[in-house]
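using only what follows, build the 3D model:
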Amino acid sequence: MKSFVTALLIGLVFGTGIAISGMINPAKVLNFFDLFGTWDPSLAIVMASALVTAMIGYRLVFGKFPKPVLTDRFAVPKNITIDARLLTGSTMFGVGWGISGFCPGGSIPALGMGESSALLFFASMIVGIVVARTLNNAWQRPSTI
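Numbers count the residues shown, from 1 in each chain. Model prediction:
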């Protein structure tokens with residue numbers, strides 16, 4: 001229960017930050033990509049602020065605590081390989097973000113704020129996750145031939 005409440009609070013802080021920064025508005029995000037039109041640098045400012053905050057947070061947490069408060073160990077990815085699967089997923093994420101103006105993290109607060117176009121994005125994202133997991137499981141199964 002404690003970890004659920006913690007996750008809820010962290011999600012609320014994240015969602016509030018996304019809403020305050022305006023990143024739930026797909027037009028604002030898409031304007032960042034329109035370099036020669038209505039370019040809006042605010043997404044870069046939000047990303048840079050998040051990066052600085054994360055760097056400080058990682059430094060503090062990993063420097064002061066031998067283990068997390070709510071679990072046995074830190075969940076840090078061990079795989080640092082840049083492979084075709086990572087590049088394909090990254091490309092698909094970027095294209096989807098550039099087309100829709102939503103990223104997964106921003107679509108959830110947008111749903112909560114009543115952004116109707118976020119519903120289509122969110123539903124499409126769920127379908128994409130299911131398809132990707134199904135294909136991934138099929139490719140990892142050993143051949144029976």
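
every contact and neighbour count from this point should use C-alpha atoms.
OK.

now do the buried residues in whichever strand or helix holds Phe4.
In this structure, Phe4 sits in helix 2-21 according to DSSP states H and E. By neighbour count with 16 or more other Cα atoms under 10 Å, helix 2-21 contains the buried residues Gly15, Gly17, Ile18, Ala19.

low-confidence ranges in this protein?
Residue ranges of the chain with pLDDT under 70: 142-145.

counting residues, which helix of it comes out longest?
helix 116-140 (DSSP state H).

still on that earlier bit, for the buried residues of helix 2-21, give me JSON lines that also has distance to Ile129.
What follows is the buried residues of helix 2-21, written out as JSON lines (distance: Cα to Cα, whole Å):
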{"residue": "Gly15", "distance to Ile129": "21"}
{"residue": "Gly17", "distance to Ile129": "25"}
{"residue": "Ile18", "distance to Ile129": "23"}
{"residue": "Ala19", "distance to Ile129": "24"}
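
which residues sit against stretch 21-35?
For stretch 21-35, the external contacting residues (Cα atoms under 8 Å, 6 or more residues apart in numbering) are 18, 37-44, 46, 98-102, 106-107, 109-110, 115.

filter the residues you listed down to the buried ones and hand me the ChimeraX line.
To isolate the buried members of the contacts of stretch 21-35 in ChimeraX, using 16+ other Cα under 10 Å:
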select :18,40,42,43,98,100,101,102,106,107,109,110
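
Asp40: what secondary structure?
coil (DSSP: H, G, I helix; E, B strand; the rest coil).

what number of residues are in the vicinity of the residue lying closest to it once chain neighbours are set aside?
Nearest residue to Asp40, sequence neighbours excluded (Cα to Cα, 6 or more residues apart in numbering): Phe32, at 4.8 Å. Residues lying near Phe32 (other Cα atoms under 10 Å) number 18.

Phe32 is in what secondary structure piece?
Assigned by DSSP H and E, Phe32 belongs to helix 26-33.

Three-state assignment for the residue most central in space within the chain, please.
Residue closest to the mean C-alpha point of the chain, counted by Cα atoms, centre = their mean, is Gly105 at 4.3 Å. Look at Gly105: counting by three-state DSSP, its state is helix.

and it, how far from Val46?
Going from Gly105 to Val46 by Cα to Cα, to the nearest Å gives 13 Å.
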